[in-house]
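Enquirer: requesting a structural model of the entry that follows:
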Amino acid sequence: MSVYEYRGLNAKGKQVKGLKEADTQKSLRALLRKEGIMVTDVKEAGGKAVKKKGEGFLSTEVQLGQAFQRVSVEDLGIATRQLATLLQAGVSMVDSLSNIVEQMEKGLVKRIFSQVKTEINEGASLGDALSKHKCFSKVYVNMVRAGEASGTLDVVLSRLADFIEGQNELKGKVMSAMMYPIIMIFVGVGIMGILFTVV
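Expert: Residues are numbered from 1 along each chain as shown. Presented below is the predicted three-dimensional model:
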């Protein structure tokens, strides 16, 4: 399955857009038709736009916004924890990744894990599939590869999730600790500015 971005009109004639997973463009249109959405434009997430007959939508589209998007540490931690939990429950890798794609709300995360799932379906290992995406560090990828080689992938992913969550918590504490000095600096500069200009 692939993730598609679509635009269309709902039953009230209002423009709608979103992301949805489907086997093909045709099956996506059928799914959306059942939901009462008439599709006008479809493009595979992160790929080429699919032109509908009689419409002038570009066949390729430069997505400048995606170039500046990044996967947050929090999103990566959530996805890793979900994958570890599903694998520990005995769910297959492909089904686990499908569940993550369905549950994730942010488009970039959905795209990445959808691409990872596609590569695994084509015979790649999880470590090799993850290494193609910059949001996964070398440490993360190498630990996943070690987990695959030793047969303890679920345990490794659980420990990675613990590490990422701890890293995110530490980042939050550092940011909170830095807020007070930053505020005091701005207040001090403001007072100095008033003293120099008014007094």
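
Enquirer: when you work out contacts or count neighbours from here on, use the C-alpha atoms and nothing else.
Expert: Noted.

Enquirer: so where's the protein uncertain?
Expert: Within the chain, the segments meeting pLDDT under 70 span 1, 45-70, 199.

Enquirer: can you pull out the helices in it?
Expert: 25-34, 64-67, 73-88, 93-103, 107-121, 126-130, 138-150, 153-197 (DSSP state H).

Enquirer: for Gln82, which non-adjacent residue is closest in space?
Expert: Distance criterion Cα to Cα, 6 or more residues apart in numbering; nearest residue to Gln82, sequence neighbours excluded, is Ile100 at 7.1 Å.

Enquirer: need the contact list for the one you found.
Expert: Ile100 sits next to 79, 82-83, 110, 113 when contact means Cα atoms under 8 Å, 6 or more residues apart in numbering.

Enquirer: quick one: which of those residues is nearest to Asp128?
Expert: Phe113 (13.0 Å; Cα to Cα).

Enquirer: distance of the closest one relative to Pro181?
Expert: Noted for Phe113: a distance of 39 Å to Pro181, by Cα to Cα, to the nearest Å.

Enquirer: who has more neighbours out of the two?
Expert: For Phe113 versus Pro181, neighbours defined as other Cα atoms under 10 Å are more numerous around Phe113 (21 against 11).

Enquirer: make TSV out of the contacts of Ile100 and add distance to Gly151.
Expert: Shown next, in TSV, are the contacts of Ile100 (distance: Cα to Cα, whole Å):
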residue	distance to Gly151
Ala79	20
Gln82	18
Leu83	15
Lys110	26
Phe113	21
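
Enquirer: mind checking which of these are buried?
Expert: 79, 82-83, 110, 113 (16 or more other Cα atoms under 10 Å).

Enquirer: contacting residues for the residue lying closest to Arg7 once chain neighbours are set aside?
Expert: Leaving aside its sequence neighbours, Arg7 sits nearest to Lys17 (Cα to Cα, 6+ apart; 4.3 Å). Lys17 sits next to 5-8 when contact means Cα under 8 Å, 6+ apart.

Enquirer: top of the residues you listed by neighbour count?
Expert: Tyr6 (23 neighbours).

Enquirer: how many neighbouring residues does the closest residue to that one other than its chain neighbours have?
Expert: Spatial nearest neighbour of Tyr6, excluding adjacent residues (Cα to Cα, 6+ apart): Val42 at 4.5 Å. Residues within reach of Val42, counting by other Cα under 10 Å, total 23.

Enquirer: how far away is Val42 from Ile100?
Expert: Val42 is 22 Å from Ile100, by Cα to Cα.

Enquirer: list the beta-bridge partners for Tyr4.
Expert: In this structure, Tyr4 bridges to Lys20, Glu44 when assessed by DSSP bridges.

Enquirer: surely it touches Leu19?
Expert: Yes. Counting by Cα atoms under 8 Å, Tyr4 does reach Leu19; the two are 5.6 Å apart.

Enquirer: so those two - more neighbours on which side?
Expert: For Tyr4 versus Leu19, neighbours defined as other Cα under 10 Å are more numerous around Tyr4 (23 against 19).

Enquirer: list the contacts of that one.
Expert: Here Tyr4 is in contact with 19-22, 25, 28, 42-45 (criterion: Cα under 8 Å, 6+ apart).

Enquirer: that concludes my questions; thank you for your assistance.
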